[in-house]
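Novice: Got a predicted model here, sequence first, then my questions.
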Amino acid sequence: MKIRIILAASLKTFTDRTPEVALEADTVSGALQALTDEYPEAARGLFDENGDLRGFVNIYVNDRDIRTLKGIGTPLHDGDEIFLIPAIAGGACESVISTERMKAVTIEEKEIRRYSNHLQLKEISIKGQKRIMASRVLVAGIGALGGVVAERLAAAGVGTIGLADAQEVTLEGLQTQTIHSTRDLERPRAAAAKDRLKKLNPLVTTVAHQEQLTGDNVEEIIADYDIVVDATDNFVSRYLISDACVLNGKPEVFGAMYQYEGVVTVLGTKDGPCLRCLYPSPPPAGIVPTCAASGVVNTLPGIIGAMIATEVLKLITGGGEPLIGKVLAMDSWNLRYHTLHTGKDSGCPVCGRSPVIRAVQDIDYDDFCGLREDPDEEPIDLIEPEELARRISDGDRITIVDVREPHERAVHRFPGTLIIPIGQLARRQKELDPEIDTIFVCMEGKRSILAIRTLREAGYTGPMYSLKGGFETAAQIIFPNEGAWL
Amino acid sequence: MAINDYTITDTIDITDVTCPVTFVKAKVAIEELEEGEILRIHLNHGEPLENVPRSLGEEGHEVLEKIDNGDGTWELIVKRGAD
């Protein structure tokens, strides 16, 4: 059967950036085999050491999750499309706001004009607007995405908006953010956002939670809210928020972005899935760059943020068709939209029939997301940036391997290195000299560790070092006077 | 029927606003009533008189009567429909 495999951006690393592969296969399993025959590196991204499909990759055949079909044995037909969608960090239901709370709200003269657009809409109208005014929504992560969500919800008249964020406004953030201004630089993002929302709509109450969400505080913070929006940018926060929402009965609207692509879904409702149903485990640390390391087109947060806010309004008003049991995945650059059907996993450790996770305090989220060193694993040798700078200026015989992606190298150049993207390392190990030290460089110092592990598994025995802190930390030390750092 | 023949629950004046606020104000006022109760709306001739009764009808309320005041304004008598 002639079929096509369509890969999400973060998996294209393994296929030399090819977004779409045309193949002949009779089953999903055969298609994956054909894909890995053509692109051997893809095997590492898709399968674990036992040859099982990794938990962070979901496979759809023509928008249907293969778990609802016949798994990897699902038969294929001519023209079928297989979508490989990894986790990225980046039906009508009842309103979550009770009738009593709705009725307790009165719409005053000043609100009639301010909210006249929604009051005119039959699907929202007076009752919907009252529910919006009675609602309390927590937005976790006030960056590009969370900022758009918070602005739309404030303008809509959401009664109380919580802003959970521990970071400060940076210059790098302003290209993608609209909630923060140049004059907010270095201010806490939550406090700056609170000021902006006050100007946008003084009728809503805003609460700044200037702290990192952790297992110790997340339940206390979300307790005051009806709905939680996850607009964070890391897997630790995402699994923490999803688990906390399930355990505390809060619906969650989840949104993530990567470069030009975004996904939106509703999690944690009674009949719908949670994050662990969709993705039982996060990708190994470093394998998928965080959006901080990969860039995002600055129009995307407006699209995905507005979609998240629309889902929130649907949950509040009880109208429309929310993304429960469905993932909306869009590629803004190639203009592809897909609504992929998902389902609750009856074996889910949090929301399944016999849950084993009963409290967020019981989980070590750093460990779960692979951010803690495995004590059994051979340690990785690190090299300090100062040491590398000295060895370069001494003219030592060393090999420096840059494992960053082309778009990262284009912005921050590192001259004199051997360029091998992480997906090609095993195949190209002959280019390395095992007699001399090889130093691996990436953006943050995480993928360089993954690179060393990959080569060790592939049988390379020469001495290997990872540049501590990656290029981000080292650039100013190694190139103090050069324009390599733009 | 004359205006005094109706049992009016609430009265609003929308002569000081224009479309779409005319309709929104009428809608907010009528939804505050119970089913079957009557709202009296004081509105201008022209666009409000053309649009407000039609829009309230589309929302499921019953326009019982339009009374011309002879000074460019009208009284609209509307019965609150079911939810």
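Specialist: Sure, I can see it.

Novice: distance of the closest residue to chain B within the stretch 351-486 of chain A from residue A:222?
Specialist: Nearest residue of the stretch 351-486 of chain A to chain B (C-beta to the nearest C-beta) works out as residue A:351 at 33.6 Å. C-beta: built from backbone N, CA, C; applies to glycine. Per C-beta to C-beta, to the nearest Å, residue A:351 is found 16 Å from residue A:222.

Novice: Repeat that for residue A:448.
Specialist: On the measure of C-beta to C-beta, residue A:448 and residue A:222 end up 36 Å apart.

Novice: Show me which of those two is the more surrounded one.
Specialist: Using other C-beta atoms under 10 Å in any protein chain shown as the criterion, residue A:448 and residue A:222 rank with residue A:448 on top: 30 against 24.

Novice: I'd guessed that one sits against residue A:469; true?
Specialist: No. With contact defined as C-beta atoms under 8 Å, residue A:448 does not reach residue A:469; the gap is 10.0 Å.

Novice: Can you give me the pLDDT of residue 10?
Specialist: Chain wasn't specified; assuming chain A. At residue A:10, the model reports a pLDDT of 67.

Novice: Chain B was what I was after
Specialist: Residue B:10 is assigned 95 on the pLDDT scale.

Novice: next one: residue A:93
Specialist: For residue A:93, the pLDDT comes out at 65.

Novice: who in chain B is up against chain A?
Specialist: Counting by C-beta under 8 Å from any C-beta of the partner chain, the residues of chain B lying close to chain A are B:20, B:21, B:23, B:24, B:25, B:27, B:28, B:31, B:59.

Novice: Give the buried subset of the residues you listed as a PyMOL selection command.
Specialist: Selection of buried members from the residues of chain B next to chain A for PyMOL, criterion 16 or more other C-beta atoms under 10 Å in any protein chain shown:
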select buried, chain B and resi 20+21+23+24+25+27+28+31
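
Novice: Pipe the residues of chain B next to chain A into CSV and attach pLDDT and secondary structure per row.
Specialist: Shown next, in CSV, are the residues of chain B next to chain A (pLDDT from 0 to 100; DSSP: H, G, I helix; E, B strand; the rest coil):
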residue, pLDDT, secondary structure
B:20, 89, coil
B:21, 91, helix
B:23, 93, helix
B:24, 93, helix
B:25, 94, helix
B:27, 93, helix
B:28, 93, helix
B:31, 90, helix
B:59, 88, coil
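
Novice: How about the contacts made by residue A:124?
Specialist: A:118, A:132, A:313, A:317, A:319 (C-beta atoms under 8 Å, 6 or more residues apart in numbering or on different chains).

Novice: Looking at those residues, which is nearest residue A:5?
Specialist: Using C-beta to C-beta, residue A:313 is the member of those that sits closest to residue A:5, with 35.6 Å.

Novice: okay, now the closest one: neighbour count?
Specialist: Residue A:313 has 24 nearby residues by other C-beta under 10 Å.

Novice: what packs against the helix or strand hosting it?
Specialist: Secondary structure assignment for residue A:313, by DSSP states H and E: helix A:300-317. In this structure, helix A:300-317 makes packing contacts with helix A:125-134, helix A:144-156, strand A:227-230, strand A:252-258, strand A:261-267, strand A:326-331, judged by 3 or more C-beta pairs under 8 Å, 6 or more residues apart in numbering or on different chains; DSSP states H and E.

Novice: Could you export the helix or strand that comes right after the last one as CSV, CA atoms only?
Specialist: Read it as strand A:326-331. Downstream of strand A:326-331, the first helix or strand assigned by DSSP H and E is strand A:336-341. Extracted in CSV, the C-alpha atoms of strand A:336-341 (Å, rounded to 0.1, in the frame of the first residue of the first chain):
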residue,chain,number,x,y,z
ARG,A,336,-2.2,22.0,8.2
TYR,A,337,-4.8,21.5,10.9
HIS,A,338,-5.8,18.2,12.3
THR,A,339,-8.2,17.3,15.1
LEU,A,340,-6.9,14.0,16.4
HIS,A,341,-9.1,11.8,18.5
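
Novice: how about the residue of the stretch 351-486 of chain A closest to chain B, what does it touch?
Specialist: Residue A:351 neighbours (C-beta under 8 Å, 6+ apart): A:246, A:268, A:273, A:274, A:276, A:277, A:344, A:345.

Novice: any idea how far residue A:164 lies from chain B?
Specialist: 34 Å (C-beta to the nearest C-beta, to the nearest Å).

Novice: Might you report the residue contacts of that residue?
Specialist: Residue A:164 neighbours (C-beta under 8 Å, 6+ apart): A:138, A:139, A:140, A:141, A:142, A:190, A:209, A:211, A:213, A:221.

Novice: again, only using 6 Å
Specialist: Taking C-beta atoms under 6 Å, 6 or more residues apart in numbering or on different chains, we find residue A:164 in contact with A:140, A:209, A:213.

Novice: Okay, buried residues for stretch A:211-231 please.
Specialist: Neighbour-count burial for stretch A:211-231 [16+ other C-beta under 10 Å]: A:213, A:215, A:218-219, A:221-222, A:225-231.

Novice: Need the per-residue pLDDT for residue A:97.
Specialist: 93.

Novice: That one against residue A:134, yeah?
Specialist: Yes. Between residue A:97 and residue A:134 there is a contact at 5.2 Å, judged by C-beta atoms under 6 Å.

Novice: higher neighbour count, these two?
Specialist: residue A:97 (25 against 22).

Novice: and the nearest residue to the more buried one once chain neighbours are set aside, what does it touch?
Specialist: Excluding its sequence neighbours, the residue lying closest to residue A:97 (C-beta to C-beta, 6 or more residues apart in numbering or on different chains) is residue A:131, at 4.2 Å. With contacts defined as C-beta under 6 Å, 6+ apart, residue A:131 is in contact with A:95, A:97, A:102, A:316, A:317.

Novice: In CSV, list the helices and strands packed on helix A:300-317 along with mean pLDDT.
Specialist: CSV is the format used below for the helices and strands packed on helix A:300-317 (pLDDT from 0 to 100):
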stretch, mean pLDDT
helix A:125-134, 96
helix A:144-156, 98
strand A:227-230, 98
strand A:252-258, 95
strand A:261-267, 96
strand A:326-331, 94
